[in-house]
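>>> my questions are about this predicted structure, shown below with the sequence.
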Amino acid sequence: DAKTTQPNSMESNEEEPVHLPCNHSTISGTDYIHWYRQLPSQGPEYVIHGLTSNVNNRMASLAIAEDRKSSTLILHRATLRDAAVYYCILIDGTTDSWGKLQFGAGTQVVVTP
Amino acid sequence: DGGITQSPKYLFRKEGQNVTLSCEQNLNHDAMYWYRQDPGQGLRLIYYSQIVNDFQKGDIAEGYSVSREKKESFPLTVTSAQKNPTAFYLCASSIPGIDTEAFFGQGTRLTVV
């Protein structure tokens, strides 16, 4: 399975944008890029996903590099509720095992008032 | 409201005892998953089921067992053969496919003393 690399932690001030990088240099052409986040003592929740084009939803934006070897999750205005561990996960679109999510250690986002 | 319910939230057991963790979903999802999370780590897949009466081992199935007799239920039994059972256990469900998301429960924190 293709692996992802994320920074261990990032800090942001409240109401400032947060850019979370993810490197996936061995990504295959059929891998989807998914992001989940996990608040303390809770189960993960889905944030966003994409294949090639940039994606926007109510929670965040996903910017995917042209060569797809990296991507960036953008939280436009961080709030204290965005403090969580963010996971970047690749899912092979050619298999039926997409739900077998391979979680790394993720990026701990700290939001300062 | 639709969702995944895990019970109990906290569970204590003596070493050598089997214990069963409950996971129920009313989302009408075919696929269900069990993950384990240790402190400071990402989630690891224990077992998954894509259809009733069928399930497959994940990456760390040793010492665990599951059943899938009903679509909405996927209980996990932690047996005495599991050497380090103390962990945070998370259940998830999804519609099979890649252009969708997984929904997670709030987790059960198991402590074996």
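Structure's in. What do you need?
>>> from here on, just use CA atoms for contacts and neighbour counts.
Fine.
>>> please name the residues that touch the residue minimising distance to the centre of chain B.
For chain B, the residue nearest the mean C-alpha position is B:W34 (2.9 Å; C-alpha atoms, centre = their mean). Taking C-alpha atoms under 8 Å, 6 or more residues apart in numbering or on different chains, we find B:W34 in contact with B:L45, B:I46, B:Y47, B:Y48, B:L76, B:Y89, B:L90, B:C91, B:A92.
>>> which of these sit farthest apart?
For the contacts of B:W34, the maximum inter-member distance is 13.4 Å, found between B:Y48 and B:Y89 (C-alpha to C-alpha).
>>> ok, the residue of chain B positioned farthest from its centre to B:F55 distance?
For chain B, the residue at maximal distance from the C-alpha centroid (C-alpha atoms, centre = their mean) is B:D99, at 22.6 Å. Distance, B:D99 to B:F55, by C-alpha to C-alpha, to the nearest Å: 22 Å.
>>> quick one: is stretch A:16-30 near chain B?
No. Using C-alpha under 8 Å from any C-alpha of the partner chain, stretch A:16-30 never reaches chain B; the gap is at least 10.5 Å.
>>> okay, how far is it across that stretch, tip to tip?
34 Å.
>>> how about A:L80, phi and psi?
The phi/psi pair for A:L80 (degrees, to the nearest 10) reads phi -60, psi -30.
>>> ditto for A:V111
Per-residue torsions, A:V111: phi -110, psi 130 (degrees, to the nearest 10).
>>> ok, the closest residue to B:A92 other than its chain neighbours - contacts?
Distances taken as C-alpha to C-alpha, 6 or more residues apart in numbering or on different chains place B:F104 nearest to B:A92, at 4.2 Å, with adjacent residues excluded. The contact partners of B:F104, by C-alpha under 8 Å, 6+ apart, come to A:G43, A:P44, A:E45, B:I4, B:L90, B:C91, B:A92, B:S93.
>>> now A:N8
When contacts are counted by C-alpha under 8 Å, 6+ apart, A:N8 touches A:A105, A:G106, A:T107, A:Q108.
>>> go again using 6 Å as the cut-off
A:T107 (C-alpha atoms under 6 Å, 6 or more residues apart in numbering or on different chains).
>>> cool, B:T79 as well?
With contacts defined as C-alpha under 6 Å, 6+ apart, B:T79 is in contact with B:N18, B:G63, B:Y64.
>>> show me which of those is closest to chain A.
Nearest to chain A among the contacts of B:T79: B:Y64, at 17.1 Å, using C-alpha to the nearest C-alpha.
>>> what's the local residue count around that closest one?
For B:Y64, the count of nearby residues is 20 (other C-alpha atoms under 10 Å in any protein chain shown).
>>> report pLDDT for it.
Predicted confidence (pLDDT) for B:Y64: 98.
>>> quick one on the thing from earlier: sheet-wise, list the partners of whichever strand or helix holds the residue nearest to the centre of chain B with their directions.
Using DSSP states H and E, B:W34 falls within strand B:31-37. Strand B:31-37 pairs in its sheet with strand B:43-51 (antiparallel), strand B:87-94 (antiparallel), by DSSP bridges.
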